[in-house]
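In: predicted model, plus sequence, below.
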Amino acid sequence: LKTPPGMSDMPEYFEESAGYYATHDSSWGKRPRPQAGHAVFRANAAVYWRSSALKVVTDSTAHAETAEASLATKSVAFGRMLSEDAGRPVMGPTAILGDNSASYQLIQKAGSSQLTRYFERATTLVKYAIMELIVKPFLISTKWMSADIFTKAVDEEIFHFCKHILHNTEPESYATRKVRRLTTALAKVAGRM
């Protein structure tokens with residue numbers, strides 16, 4: 001098992017749960033119902049992923065990220081039930097990785113506030129799952145967010161990073177891929193002459 005990208009150490013119970021964790025992300029600002037997505041991992045490979053427009057109209061990035069964290073929590077809970085039915089229960093709370101500090105702070109606080117009352121349903125599910133030790137949120141840098149691929153068009157380097165994280169494969173360096181493609185193209189051109 002490998003430590004999830006963006007974390008310095010493996011979360012508690014990570015090895016006992018065969019590397020079970022989730023990542024979630026959402027875009028915001030371009031559409032009333034932003035694109036969002038999440039992935040659930042086991043043994044460092046995605047076993048489930050989802051990408052679609054949120055069903056709620058969001059008015060902040062924290063609202064959008066929290067709504068997607070709620071959907072990711074539902075997927076994690078479903079996966080935990082399947083694992084338990086298969087005789088391989090997930091031990092301890094499951095790590096859910098997000099890259100929005102405002103959302104991270106909202107779901108960590110007990111109760112509601114003036115900032116969260118209007119979208120309390122999304123925060124209540126995540127807060128309940130945290131209290132029941134079903135999930136444990138972690139804040140990571142956007143640089144390491146593998147769910148970015150579900151929310152927006154990304155450049156080639158980020159695409160390959162996300163692809164290799166989701167597939168649990170070893171990426172070759174960006175420069176190596178560019179050189180290999182260039183030499184292949186030159187060989188084809190030389191073969192035509």
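Out: Nice, I can see it.
In: which stretches of the protein aren't confidently modelled?
Out: Along the chain, segments meeting pLDDT under 70 span 110-122, 171-175.
In: got the residue ranges for the helices in it?
Out: 61-85, 101-108, 120-131, 156-167, 174-192 (DSSP state H).
In: okay, those helices, which one's buried deepest?
Out: Burial of these is given as mean neighbour count (mean count of other C-beta atoms under 10 Å); helix 61-85 ranks first at a mean of 21. Just so you know, the C-beta spots here come from the backbone N, C-alpha and C atoms, and that holds for glycine as well.
In: the inter-axis angle of that helix versus helix 101-108?
Out: Angle, helix 61-85 to helix 101-108, by axes from the mean of the first three to the mean of the last three C-alpha atoms, to 10 degrees: 50 degrees.
In: could you tell me the angle between helix 61-85 and helix 120-131?
Out: Orientation check (the same axes, to 10 degrees): helix 61-85 against helix 120-131 gives 50 degrees.
In: distance between helix 61-85 and the chain's centre?
Out: From the chain centre to the centre of helix 61-85 is a distance of 10 Å (C-alpha atoms, centre = their mean, to the nearest Å).
In: ok, stretch 129-149 next?
Out: Between the centre of stretch 129-149 and the centre of its chain there are 7 Å (C-alpha atoms, centre = their mean).
In: grab the most central residue of the protein for me.
Out: residue 23 (1.9 Å; C-alpha atoms, centre = their mean).
In: can you tell me which residues contact that one?
Out: 4, 38, 39, 41, 72, 96, 97, 98, 145, 146, 147 (C-beta atoms under 8 Å, 6 or more residues apart in numbering).
In: surely residue 33 meets residue 64?
Out: No. In this structure, residue 33 is not within contact of residue 64 by C-beta atoms under 8 Å, at 9.1 Å.
In: so what sits against both of these two?
Out: 54, 58.
In: dump the helices of the chain to TSV, plus distance to residue 140.
Out: TSV is the format used below for the helices of the chain (distance: least, C-beta to C-beta, whole Å):
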stretch	distance to residue 140
helix 61-85	12
helix 101-108	10
helix 120-131	16
helix 156-167	12
helix 174-192	21
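In: of those helices, which is nearest residue 54?
Out: For the helices of the chain, the distance to residue 54 is smallest for helix 61-85, at 5.3 Å, taking C-beta to C-beta.
In: which strands or helices does that closest one pack on?
Out: Judged by 3 or more C-beta pairs under 8 Å, 6 or more residues apart in numbering; DSSP states H and E, helix 61-85 is in contact with strand 21-26, strand 35-42, strand 45-53, strand 94-98, helix 101-108, helix 120-131, strand 135-139.
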